[in-house]
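Enquirer: Provided below are the primary sequence and the corresponding predicted coordinates.
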Amino acid sequence: MQKLNERLVSWASLIDDKTIEQARTSSRMPFIYPHLALMPDAHLGLGATVGSVIPTRGAIMPAAVGVDIGCGMIAVKTQFAAHDLAGRDLAELRQQIERAIPLSAGRDNRKIVATAEPRIAELEALAETAEFDPTSYAGHWRNQLGSLGSGNHFIEISLDENDDVWMFLHSGSRGVGNRIAQHHIKVAQRLAQQWWIELPHPDLAYLVEGTPEFARYIRELRWAQHFALLNREEMMDRVSNQLGRFLDTPVEERERINCHHNFTESERHFGKQVWVSRKGAIMADAGRPGLIPGSMGTASYVVEGRGNPVALNSSPHGAGREYSRSAARKTFTHEQLREAMTGIEYRDTEAFIDEIPQAYKPIDQVMADAADLVTIRHTLRQIVNVKGD
């Protein structure tokens, strides 16, 4: 850990000057308490740095959570082992998963399936309690439940160090969460202009606790976070069903972990109650299970938090980008992607060049930097990868 100033600490050994300067700017906001913490995977973001833990008193910056509210990971350990999959056509399993779950931006379910119905009912009741109508943001939000999205979202079948089979996926609150986030970011920016508040960056606009705008944001944020959690649960149930069909045996769950990495919670740190916004970081209280994926084609980790107080009980959420998507497309080739994915069943397309492992920080270094934040319980190697364009 490196103390960059009185209000900024960092666990990142691989970090560029622009990212550090962006984090310094955020750390100077007057309501940061006690300090902003950069995780090992920190990299440049919009307004606030991706891979940062931002504790605030009396205010929240909506852009500090980002536009994919509640984005996170879920993993399930099954009763199966590598020998159960040996000799089987994994392309068939990948295609079955791709048919069961809508992939890519803008894609959602054509109908609401039975497993989604109780989850949608739960979200409808939660929205009524929160006093808002999600259809005002996305008329088809119900059909988005159980859809993956694109970018770095994925579904994987993996093996751990004991050759036990895990199901692992990454997704968030889809279009409805994005629109909720965008709305409140604009509200914060409008209020800053209205009250002649000078900001170092427009995306550091904030909502003040005790105002109607703040209260509404918290209610809708919590709804979107729960949507994201249930979205992952719904997709995981579908993946489980497809894996069970593929192996002619229903999946027996040995363990299930579901955690956010773009979210805000009220927590107590350094003697004060604060709002902790984690933009690309997971909770890592002592003993708390968590998930840290690598990039496409590399290892992922099942971890346990160490409860590091300086890190505000947090840890990294993944590898962290070293190349922007546009830079990755200019730098790497389809053939290099194929080489990186050797031995992994995936949809072979140049659409995934910007997700090539070389576009990300080495996950081994990220985990080495996080040694005082988490303990590694399992190391997963993927054998099937599903992504949206």
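Expert: Good, I have the coordinates.

Enquirer: which parts of the longest helix seen in the chain are buried?
Expert: Longest helix in the chain by number of residues (criterion: DSSP state H): helix 212-246. When neighbours are counted by 16 or more other C-beta atoms under 10 Å, the buried residues of helix 212-246 are found to be 214, 216-243, 246. The way it works is simple: take the backbone N, C-alpha and C, and place the C-beta from them, glycine included.

Enquirer: Work out the gap between it and the centre of the chain.
Expert: 12 Å (C-alpha atoms, centre = their mean, to the nearest Å).

Enquirer: Can you identify the element that follows that helix toward the C-terminus?
Expert: Using DSSP states H and E, the helix or strand that follows helix 212-246 in sequence is strand 255-260.

Enquirer: Would you mark the buried spots in that next one?
Expert: 257-260.

Enquirer: where do the helices sit along the stretch 51-200 of the chain?
Expert: For the stretch 51-200 of the chain, helices defined by DSSP state H, counting those that start in this stretch occupy the ranges 82-85, 90-100, 117-130, 141-144, 174-194.

Enquirer: And the stretch 251-389 of the chain, by the same measure?
Expert: Counting by DSSP H, counting those that start in this stretch, the helices of the stretch 251-389 of the chain are 325-331, 334-340, 363-369.

Enquirer: Relative to G146, which of the ones you listed is closest?
Expert: The closest of the helices of the stretch 251-389 of the chain to G146 is helix 325-331. By C-beta to C-beta, the value is 25.7 Å.

Enquirer: CA-only coordinates of that closest one in CSV, if you can.
Expert: What follows is helix 325-331 as a C-alpha-only set of coordinates in CSV (Å, rounded to 0.1, in the frame of the first residue of the first chain):
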residue,chain,number,x,y,z
ARG,A,325,-11.3,-0.7,-26.2
SER,A,326,-10.3,1.4,-29.3
ALA,A,327,-6.6,1.1,-28.5
ALA,A,328,-6.9,-2.7,-28.1
ARG,A,329,-8.6,-3.0,-31.5
LYS,A,330,-5.7,-1.0,-33.0
THR,A,331,-3.0,-3.0,-31.2
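
Enquirer: Counting neighbours, what do you get for L337?
Expert: Counted with other C-beta atoms under 10 Å, residues neighbouring L337 total 25.

Enquirer: Repeat that for D248.
Expert: D248: 6 neighbours (other C-beta under 10 Å).

Enquirer: Per-residue confidence at it, what does it come out as?
Expert: pLDDT recorded at D248 is 97.

Enquirer: which non-adjacent residue is nearest L337?
Expert: I356 (4.9 Å; C-beta to C-beta, 6 or more residues apart in numbering).

Enquirer: for the helices of the stretch 51-200 of the chain, which one ends up most surrounded?
Expert: helix 141-144 (a mean of 22; mean count of other C-beta atoms under 10 Å).

Enquirer: Looking at the helices of the stretch 251-389 of the chain, spot the one closest to G307.
Expert: Using C-beta to C-beta, the nearest of the helices of the stretch 251-389 of the chain to G307 is helix 363-369, at 17.3 Å.

Enquirer: Excluding its own residues, what touches that closest one? List them.
Expert: Here helix 363-369 makes contact (C-beta atoms under 8 Å, 6 or more residues apart in numbering) with 11-14, 40-41, 292, 294-295, 298-301, 316, 318-320, 376.

Enquirer: Produce a ChimeraX select command limited to the buried residues of those.
Expert: Buried members of the contacts of helix 363-369, defined by 16+ other C-beta under 10 Å, are picked up in ChimeraX with:
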select :11,12,14,40,41,292,294,295,298,299,300,301,316,318,319,320
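
Enquirer: Among the contacts of helix 363-369, which are located in strands?
Expert: Of the contacts of helix 363-369, the ones assigned to strands by DSSP state E are 40-41, 292, 300-301, 316, 376.

Enquirer: Now render those residues as JSON lines, adding pLDDT and distance to A64.
Expert: Below are the ones in strands among the contacts of helix 363-369 laid out as JSON lines (pLDDT from 0 to 100; distance: C-beta to C-beta, whole Å):
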{"residue": "P40", "pLDDT": "98", "distance to A64": "19"}
{"residue": "D41", "pLDDT": "97", "distance to A64": "16"}
{"residue": "I292", "pLDDT": "97", "distance to A64": "21"}
{"residue": "S300", "pLDDT": "96", "distance to A64": "26"}
{"residue": "Y301", "pLDDT": "98", "distance to A64": "25"}
{"residue": "P316", "pLDDT": "98", "distance to A64": "17"}
{"residue": "I376", "pLDDT": "98", "distance to A64": "28"}
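
Enquirer: Closest one of those to I197?
Expert: D41 (31.0 Å).

Enquirer: Run through the residues that contact E220.
Expert: With C-beta under 8 Å, 6+ apart, E220 has these contacts: 130, 132, 180, 184.

Enquirer: Can you tell me the closest non-neighbouring residue to the first one?
Expert: Read that as A130. Going by C-beta to C-beta, 6+ apart, A130 has R219 as its nearest residue, at 3.9 Å.

Enquirer: didn't the one you found look like it was pressed against A127?
Expert: No. In this structure R219 lies outside contact range of A127 using C-beta atoms under 8 Å: 9.1 Å.

Enquirer: can you tell me how far D160 sits from L291?
Expert: Using C-beta to C-beta, to the nearest Å, we find D160 at a distance of 13 Å from L291.

Enquirer: who touches both of the two?
Expert: Common contact partners of D160 and L291 (C-beta under 8 Å, 6+ apart): V302.

Enquirer: higher neighbour count, the two?
Expert: Taking neighbours as other C-beta under 10 Å, D160 and L291 compare with L291 leading, 24 against 19.

Enquirer: dump the residue contacts of that one.
Expert: 72-75, 168, 257, 259, 282, 300-303.

Enquirer: can you rerun that using 6 Å?
Expert: Listed by C-beta atoms under 6 Å, 6 or more residues apart in numbering, the contact partners of L291 are 73, 75, 257, 259.

Enquirer: For the spatially most central residue of the chain, list each beta-bridge partner.
Expert: In the chain, the residue lying closest to the centroid (C-alpha atoms, centre = their mean) is G72, at 3.2 Å. Bridge pairing for G72 (DSSP bridges) gives the partners S171, H260.
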